[in-house]
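Undergrad: need a structure here:
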Amino acid sequence: MILQDTIEKWLLDEDMLREMKYDENADFHFIVEFPKDNIMDVVKPKGKDCIVIACATMVSPEHKNLMIPADSSVKKDFILDLNFGLNSFLIDYELKINQEILQQFVISDQIFEDGLTKDAFIKTLKRVFKSKLHCIWLIDKKFGRLHSNVNASNENDMFI
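TA: Numbers count the residues shown, from 1 in each chain. The predicted structure follows:
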């Protein structure tokens, strides 16, 4: 059995817990900050023997503006490279694309009860975050770097 108190203690021990969220589809839902200034969700879906760790990210308007003038073949290659890269992280992901432009991406992974340890939990948080970084870095690589310190913005929660 996955206990809310155990997950909450791990998050508090590592100073990651930002808030608890009511979610009618979950036994518990935590909003976490990992690393600093990056928001992620840790959810125990009702009736499931796992926890889901997810990060939903809206692509910034500045990044979208870098993509818009690119050639269609460059945009298609970018999406293909993004799929290949994300697949190599062994995570689940969903890309929202509109007119060949990446609008949003949701990266998630799950840990089942029989594999849930603090070590597996922290490593999964890291893998989900590094997958997000991969998306942002690939945008920079394919379409040119922003001249300011603008990052893709976080959605404050995800949808299961």
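Undergrad: Output the host helix or strand of Ile111 as CSV, nothing but the C-alphas.
TA: Using DSSP states H and E, Ile111 sits within strand 101-112. These are the backbone C-alpha positions of strand 101-112, laid out as CSV (Å, rounded to 0.1, in the frame of the first residue of the first chain):
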residue,chain,number,x,y,z
ILE,A,101,4.3,24.3,-33.6
LEU,A,102,4.8,22.7,-30.2
GLN,A,103,2.4,24.4,-27.8
GLN,A,104,2.6,22.2,-24.7
PHE,A,105,4.2,19.0,-23.5
VAL,A,106,3.3,16.8,-20.6
ILE,A,107,6.0,14.4,-19.3
SER,A,108,5.1,11.7,-16.8
ASP,A,109,6.3,8.5,-15.3
GLN,A,110,4.9,6.1,-12.7
ILE,A,111,6.3,4.0,-9.9
PHE,A,112,4.4,1.0,-8.9
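Undergrad: Could you list every helix and strand in contact with it?
TA: Strand 101-112 is packed against strand 50-58, helix 61-67, helix 72-88, strand 92-98, helix 118-143, with contacts defined by 3 or more Cβ pairs under 8 Å, 6 or more residues apart in numbering; DSSP states H and E. Where you see a C-beta, it was placed from the backbone N, CA and C, and this is true even at glycine.
Undergrad: let's see 7 Å
TA: strand 50-58, helix 61-67, strand 92-98, helix 118-143 (3 or more Cβ pairs under 7 Å, 6 or more residues apart in numbering; DSSP states H and E).
Undergrad: Show me what counts as buried in stretch 110-125.
TA: Buried positions in stretch 110-125, judged by neighbour count with 16 or more other Cβ atoms under 10 Å: Gln110, Ile111, Leu116, Phe121, Thr124, Leu125.
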